[in-house]
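Participant: need a structure here:
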Amino acid sequence: MLTHPLPWAREHRFAATARGGPLMAAATSPGATSPDATAAPRRVSVVSRVVDQVRSMMRAGELVPGQQVRQESLAVALGVSRIPVREALKALETEGVLRHEPHVGYSVARLNADELRQAYLMRRALETEVLLALPRLGAADLRELAEINSGIGDEVGGAGDIPRIAAANHTFHFAMFRHSGLDLVVTEIERIWQMTDAYRSVHLYDSAARRRIVREHKSMIAALRRGDNAAVVELMNTHRDLTIADLGPTLGHAR
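Facilitator: Next comes the predicted model:
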C-alpha cells in the first residue's frame, strides 16, 4: 500500500484550500458562481483518479485477489478524503473488480479457475466480432498502434515497469478495438479486462512473455496493414491463449 500522498492528490488538496477563500468572496459578487456548482465536477475528477490508482495498484501487485481494501488507509495513502474513495470503491464493485461484504468491507475480487476461463471465453467471442468489424486502418492509425507498441518495447528489458507495460498493453488493444464502431461491445470487453487485471499482470513478470507480446503486436499491425482481419483474429487468439498458458499456475490455485 502507498504510504505517501501522490502528487495529484497533494495538488487537489492545495487547490481546494486555495479556492475556498476566493470562491466564498466571489459568491457575494453579482453573477458569481456558487462553490456548490463546481464541487460535483471536482469530486467526479478525484473519484476517477482514485479508480485509476486502484487499478494501477492491482496491476503492480500492491493489491492482490482476496486482499481487503480499507477506505481509511486508502484515503490516507492517496491524500484524499474518504468520500471520493468510498464512491470509487462502489464503482469498482459495480464493475466486478471489488467485492463488498457487510460488516467486513471491500476486497479485491477473487476469481476461481472456472470464472477466469469463462472470462477468457467471453473475451474470445466478443473480441472476434470486434476485430472482424474493423475497417481498413489508415497510415495514421497504424502509426499510432506502432508507437504504442514501441513504448511497450522500451519497457520490456530488465525488470520492466509492470504497471506501465500493463497500461500500455491495454491502450494498444483498445485503440485497435475502438476502430470497430461497436462501442457497446468494446465497453463490455473492457469490463471483462478490468475484472481480470490482477491476474493478467502476473505473466508480465516473465521477461520472455513481455518480449513475446511486442512481437505479437507487430504481427497484428502487419495484418491490419494488409486488411487481413481474419489473420488478426487468429493472432489475437494465439496471443490470448498464450496468456492463459502463462496463468496456468495461477489458475491451478484459483479454486
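
Participant: Show me the strands in the stretch 151-255 of the chain, by range?
Facilitator: Remark: no strands are assigned in the stretch 151-255 of the chain by DSSP state E, counting those that start in this stretch.

Participant: Tell me the first helix or strand C-terminal of the helix or strand that contains S45.
Facilitator: Using DSSP states H and E, S45 sits within helix 35-59. Stepping forward along the backbone from helix 35-59, the first helix or strand reached (DSSP H and E) is strand 68-69.

Participant: List the contacts of that following strand.
Facilitator: 54, 63, 89, 98, 104-108 (CB atoms under 8 Å, 6 or more residues apart in numbering). The way it works is simple: take the backbone N, C-alpha and C, and place the C-beta from them, glycine included.

Participant: Show me the shaky parts of the stretch 1-150 of the chain.
Facilitator: Low-confidence regions of the stretch 1-150 of the chain, defined here as pLDDT under 70, cover residues 1-44.

Participant: mind listing the helices in it by residue range?
Facilitator: If DSSP state H, counting those that start in this stretch is used as the criterion, the helices of the stretch 1-150 of the chain fall at 7-26, 35-59, 71-78, 82-95, 113-132, 139-155.

Participant: Look at stretch 156-170 and report the distance between its end residues.
Facilitator: Taking CA to CA, to the nearest Å, stretch 156-170 runs 15 Å from one end to the other.

Participant: S207 is nearest to which of the helices of the stretch 1-150 of the chain?
Facilitator: Taking CB to CB as the criterion, helix 139-155 is the member of the helices of the stretch 1-150 of the chain that comes nearest to S207, at 10.8 Å.

Participant: residues of that closest one that come out buried?
Facilitator: By neighbour count, and taking 16 or more other CB atoms under 10 Å as the criterion, the buried residues in helix 139-155 are 141, 144-146, 148-149, 151-153, 155.

Participant: Could you count how many residues lie near the closest residue in space to I162 that isn't next to it in sequence?
Facilitator: Leaving out its chain neighbours, the residue that sits closest to I162 by CB to CB, 6 or more residues apart in numbering is L204, at 5.1 Å. Other residues near L204 number 23, with proximity taken as other CB atoms under 10 Å.

Participant: just M57 next, same as before
Facilitator: Using other CB under 10 Å, M57 is surrounded by 22 other residues.

Participant: Which residue, other than its chain neighbours, is closest to it?
Facilitator: Counting by CB to CB, 6+ apart, the nearest residue to M57 once its immediate chain neighbours are dropped is L63, at 4.6 Å.
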